[in-house]
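Student: Next comes the sequence, and after it the predicted model I'd like to discuss.
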Amino acid sequence: MSFWLESLIILVVLCNLRVLGSSRLTACIQTVALQGALLGLLPVLAHLDALSARLLLQAAASTVLKAAVFPWLLNRALRQAGLQREVEPFVGFTASLAAGVLFLGAALWLAARLPHAGPEALSRLVPTALFTIFVGLFVIVSRRQAVTQVLGYLVFENGIYAFGMAFAEKQPLLVELGILLDVFMGVFVMGITLFHIHREFDHLDTDRLTALRDS
Amino acid sequence: MIWTLLGVPLASAAAAFAIRADGPRRGLLLAAALTHAALTAACWTIQPAPVFGGYLALDAAGRLFLSLLSALFLAASFYGAGYLRAAGRTKEEEDAAGFLFANAPEAVFTGCLLCFLGTMSLAVLSQHFGLLWVGIEATTLCSAPLIHFHRQRRSLEATWKYLLVCSVGIALALLGNFFLAVAARQHHDLLMTVPELVAQAGRLDKQWLKAAFLLFLVGYGTKMGLAPMHTWLPDAHSEAPSVVSALLSGALLNCAFLALLRVNAVLAAAGLADFSGELLVGFGLLSMAVAAAFIIGQGDFKRLLAYSSVEHMGILAFGAGLGAAAPAALLHAVNHSLTKGFLFLTAGNLLAASRTKSVGEIRGLLRALPRSGALWLVGFLAITGSPPFGTFVSELWILQGALARHRGVLAALYLAFLAAVFAAMASVVLKMSQGEPSDRLKEVPGDDADPWRFWPPALLAAAVLVLGLWVPPPLLDAVREAAAVLGMR
């Protein structure tokens, strides 16, 4: 069992690196979807001996949302926006990957310093969760297009979800579902806004949204 | 009763999306606002029973903020009905640069407005930290379409910034939730509710609790508009329709403040009040300083009000962090909400008459729009804390709290920022009010006489004036009780 768990965790890390290094938006969307699916499966694998209806429902809801609904929404936004399928970063792909390696180091260092807690099987998830959070924040600030910022938000959210899984099983089911619903609505509203941005400006570059500022 | 408080706005919202005729939909908005206000008023005599296993309950602090929210929404809904009637007559409007734009469908606007009321009520009523997070995040999503009511570029840009900055901020608060759960990890029987964590605070892990508070402060602080996380606030407040700005500033920021105070209550119970208090005081003073810097020479009167909200959120954090001044901070939240509510509604009247937000293009308000002009001047005096308005009383009380704690330097900084804001706002508002009417105001449409859009702000202004002359003892008791519930002393 721990072999499967560790393979999953390594795959999650590789997904992060692929998001940082890939130049095609559709590839990035697929990678984030894959990461969401892996994280959705993880609690089921970790608790194979004590499966409950609550756990299965939560895993199913999160996997369906992250692996199917979000990519569909984002791909739809991309289709509506037409041609722009390149990522267009402020920070180049090689530099992004180098930053990713630094983040991984920082996450390992930080996780080692945190007071140890939680079920043993999942404690190896903590550095991965921190790494995913860092990568998500980095993607939000270092990419130019609005779609990529939404992707960054999803990676960030995945990281927080992974952290919650590693440590806390205290949220009641309804609250968990509420959190998922909020994230879903967030992506949905962002998708609609993307559509409006494209229709109004003919591009999705957030660095060109500069009408509002104080000199 | 609590289910009804949440159910009325949400059910009305669903109905508002379905109703096709404009007239009945506006009637529904008013009816829902009146029902919500009546239910809230009833909560002062009948203590509603906790529901949903105690996750939803109305304590003294919740009641204070719920009443504030409900009163402001009532005023805003009457104003909004008048606003929608006027906006519905013209199909397209012209923005400052001369581009034509259409408005979003009215059904979407009304529906989101009612959802906004429902989710804010949820945030105020939540006693469970996870549910509280769900409520606060949901307010962001309902209010984003409201900010984008005017279908034009500037409001779209503001909406995008609002969505992204607040979503990322609130996601950090979710991480804070997990940190809080880790702090309680050795006790698997603990529920993540406010009363339970406050009662058992001594058993929580202090290191994790501190880290959780930092994340909550950044997360909910983003939503509350504390500097330096306030960047979404001026854009969203200036580009949204004025009735939405009034609700964002008067009601939504308070909900985030309450969320932060609930976390603060856990820290105070764990004996970490000094740690969290110092952070709140620091962020409060920083917000006041940043707001003062941007208010000086501000050329857009709605952005001016938005930065003033940043300043007042700073005052609230400052007062709450000082401990001794906590009841004063809650009283100030009441005063600020009422004042900022009527200022934004008045700003809407100015905007409707002059079609510009630029300070330089408006002169002679008192002559051109006697009633709205007078309200604007009164609002300036009230928001800067001049006597005899309620804000003066609460700001003075906070100052006393700072001096009682022998924090002379902090008190001096606090006074200096207040004075700077007063001077900067005076120069802007007095220029706008006095003199001959400028070109923009020469041919004023008859809107200044519209009772739907005059009386709601005027009544709020009267309330602020009354609170300055006489604070009703029940309100004073409510404020003290709320501060005690939140563990601030």
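Tutor: Here it is on my side, so go on.

Student: Worst mean pLDDT across the helices and strands of chain B, which element?
Tutor: strand B:92-94 (a mean of 60; mean pLDDT, DSSP states H and E).

Student: Find the helix or strand that residue B:275 is a member of.
Tutor: Per DSSP states H and E, residue B:275 falls inside helix B:273-295.

Student: following that helix, which helix or strand shows up next?
Tutor: helix B:301-322.

Student: what angle sits between that next one and helix B:273-295?
Tutor: Per axes from the mean of the first three to the mean of the last three C-alpha atoms, to 10 degrees, the angle that helix B:301-322 makes with helix B:273-295 is 160 degrees.

Student: is chain A contacted by helix B:301-322?
Tutor: Yes. With C-beta under 8 Å from any C-beta of the partner chain as the criterion, chain A is reached by helix B:301-322 at residue B:303. Where you see a C-beta, it was placed from the backbone N, CA and C, and this is true even at glycine.

Student: do you know how far residue A:44 is from chain B?
Tutor: Remark: distance between residue A:44 and chain B (C-beta to the nearest C-beta, to the nearest Å) = 20 Å.

Student: Nearest spatial neighbour of residue 104, chain-adjacent residues omitted?
Tutor: Chain wasn't specified; assuming chain A. Using C-beta to C-beta, 6 or more residues apart in numbering or on different chains and skipping residues adjacent in sequence, the residue nearest residue A:104 is residue A:131, 5.3 Å away.

Student: My question was about chain B, not that one.
Tutor: Distance criterion C-beta to C-beta, 6+ apart; nearest residue to residue B:104, sequence neighbours excluded, is residue B:149 at 4.9 Å.

Student: How about the contacts made by the one you found?
Tutor: Taking C-beta atoms under 8 Å, 6 or more residues apart in numbering or on different chains, we find residue B:149 in contact with B:103, B:104, B:109, B:155, B:240, B:241, B:244.

Student: repeat for residue B:438
Tutor: Residues in contact with residue B:438 (C-beta under 8 Å, 6+ apart) are B:361, B:362, B:363, B:364.

Student: hmm, 6 Å instead?
Tutor: Contacts of residue B:438 were listed using C-beta atoms under 6 Å, 6 or more residues apart in numbering or on different chains, and they are residue B:363.

Student: With residue B:354 instead?
Tutor: Contact partners of residue B:354, counting by C-beta under 6 Å, 6+ apart, are B:362, B:440, B:441.

Student: ok, of those, which one's closest to chain A?
Tutor: Checking these against chain A with C-beta to the nearest C-beta, the nearest one is residue B:362 at 18.8 Å.

Student: how close does the most far-flung residue of chain B relative to its centre sit to chain A?
Tutor: Computed with C-alpha atoms, centre = their mean, the residue of chain B farthest from its C-alpha average is residue B:186, at 37.5 Å. According to C-beta to the nearest C-beta, residue B:186 and chain A sit 8 Å apart.

Student: Unless I misread the structure, that residue falls within a helix.
Tutor: No. Using DSSP: H, G, I helix; E, B strand; the rest coil, the secondary structure at residue B:186 is coil, not a helix.

Student: Show me what the helix holding residue B:275 is packed up against.
Tutor: Applying 3 or more C-beta pairs under 6 Å, 6 or more residues apart in numbering or on different chains; DSSP states H and E, we find helix B:273-295 packed against helix B:301-322, helix B:408-433.

Student: Tell me the spacing between the most centrally placed residue in chain A and residue A:94.
Tutor: With distances taken as C-alpha atoms, centre = their mean, the residue of chain A nearest its centroid is residue A:155 (1.6 Å). Distance of residue A:155 to residue A:94, given as C-beta to C-beta, to the nearest Å: 19 Å.

Student: Residue B:215 too?
Tutor: 32 Å.

Student: These two: which is more packed in?
Tutor: residue B:215 (20 against 10; other C-beta atoms under 10 Å in any protein chain shown).

Student: Quick check, the more buried one in contact with residue B:170.
Tutor: No. At 10.8 Å, residue B:215 and residue B:170 do not qualify as touching, with contact defined as C-beta atoms under 6 Å.

Student: Remind me what the host helix or strand of residue B:181 packs against, helices and strands.
Tutor: Under the criterion of DSSP H and E, residue B:181 resides in helix B:153-183. Secondary-structure packing of helix B:153-183 (3+ C-beta pairs under 6 Å, 6+ apart): helix A:146-167, helix A:173-201, helix B:129-147, helix B:206-224, helix B:232-239.
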